[in-house]
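In: Provided below for reference: sequence and predicted model.
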Amino acid sequence: MSITQQNETLRVISERHAVKKYDSSAALPAEHLEAILTAASQAPSAWNLQHWKFLVIEDAADKQTLLPIAYNQQQVVDSSVTIAVLGDLEANRNTVIYDQAVDAGFLAAEIRDALVGQINGAYANPQVARDAAILNSSLAAQNIMLAAKALGYDTCAMGGFSAPQLVEKFNIPERYIPVMLITVGTAKEPARPSGRLPLSEVVVKGSF
Ligand SMILES: Cc1cc2nc3c(=O)[nH]c(=O)nc-3n(C[C@H](O)[C@H](O)[C@H](O)COP(=O)(O)O)c2cc1C
């Protein structure tokens, strides 16, 4: 048995694939959705700024609104929920997270203040803010897919949607940038097989 098959985490990673056909009658219990979203929020992020917001689209009417925005990809209707992963363009406002550490005595107030100054300096550059929003929220997105798979569900990450229309129809504030949609549900048909480039083509050891 390979290491991947023996290890639960590696097995879940290896078994996750993009499922596009879902059982439309299958529900995703609230407890499972919460566990999946909790896993998402446990992703690492630069400066622990947690550059994400998760818009959960689960009502039948909202799914119908989403369908044309997602270029009529039927999986947004047939899956149990679609999670729109949004990146936070103003994640520097999340430095309030450090206050807990200061209150608990883990972080000196002066260090917190210096950090906040550094972060606000970096975020004065909109490109930095945008790159960080996409980079960090993508890590949360992967956690959604792996947590769902670990609980027996399937997912499909989707970049095929109109971001401006999503923003308009779902009243997404300017602060957030749509990064990807993720359908979560119960597979009706397995994913189409997908290959991977061999490690010999994607790994460089030491230096190019
Ligand atoms: C950022 C991103 C955007 C994607 N967009 C779509 C999409 O719009 N529609 C779709 O059916 N699949 C989409 N996919 C799924 C990919 O096609 C799929 O992950 C890839 O072919 C590898 O297959 P696997 O995930 O089954 O291993 C997307 C995946 C990612 C990561």
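Out: Perfect, I can see it now. Numbers count the residues shown, from 1 in each chain.
In: going forward, measure contacts and count neighbours with C-alpha atoms only.
Out: Fine.
In: downstream neighbour of the host helix or strand of residue 102 in the secondary structure list?
Out: Assigned by DSSP states H and E, residue 102 belongs to helix 97-103. Downstream of helix 97-103, the next assigned helix or strand under DSSP H and E is helix 109-122.
In: Need the residues that contact the top helix by length along the chain.
Out: For the chain, the helix with the greatest residue count under DSSP state H is helix 126-150. Helix 126-150 has contacts (CA atoms under 8 Å, 6 or more residues apart in numbering) with 12-13, 15-16, 35-37, 39-46, 50-52, 85-91, 122-123, 154-157, 177, 179-180, 182, 184.
In: ok, 7 Å please
Out: Applying CA atoms under 7 Å, 6 or more residues apart in numbering, the contact partners of helix 126-150 are 12-13, 16, 36-37, 39-41, 43, 45, 51-52, 85-90, 122-123, 154-155, 179.
In: In what element of secondary structure is the nearest residue to residue 70 once chain neighbours are set aside found?
Out: Among residues not flanking residue 70 along the chain, residue 161 sits closest, at 4.1 Å (CA to CA, 6 or more residues apart in numbering). Here residue 161 is covered by no helix or strand, with elements defined by DSSP H and E.
In: Against residue 87, how distant is residue 161?
Out: According to CA to CA, to the nearest Å, residue 161 stands 16 Å off from residue 87.
In: So if I had to pick from the two, which one is more boxed in?
Out: Using other CA atoms under 10 Å as the criterion, residue 161 and residue 87 rank with residue 87 on top: 29 against 20.
In: for the more buried one, phi and psi?
Out: The phi/psi pair for residue 87 (degrees, to the nearest 10) reads phi -90, psi 140.
In: Quick check: bridge partners of it?
Out: residue 52, residue 177 (DSSP bridges).
In: what about it, distance to residue 16?
Out: Taking CA to CA, one finds residue 87 at 23 Å from residue 16.
In: Please tell me how far residue 171 sits from residue 13.
Out: Residue 171 is 34 Å from residue 13, by CA to CA.
In: The two: which is more packed in?
Out: Higher neighbour count among residue 171 and residue 13: residue 13, with 16 against 9, using other CA under 10 Å.
In: Can you name the residues that contact the residue nearest to residue 70?
Out: So residue 161 contacts 69, 70, 71 (CA under 7 Å, 6+ apart).
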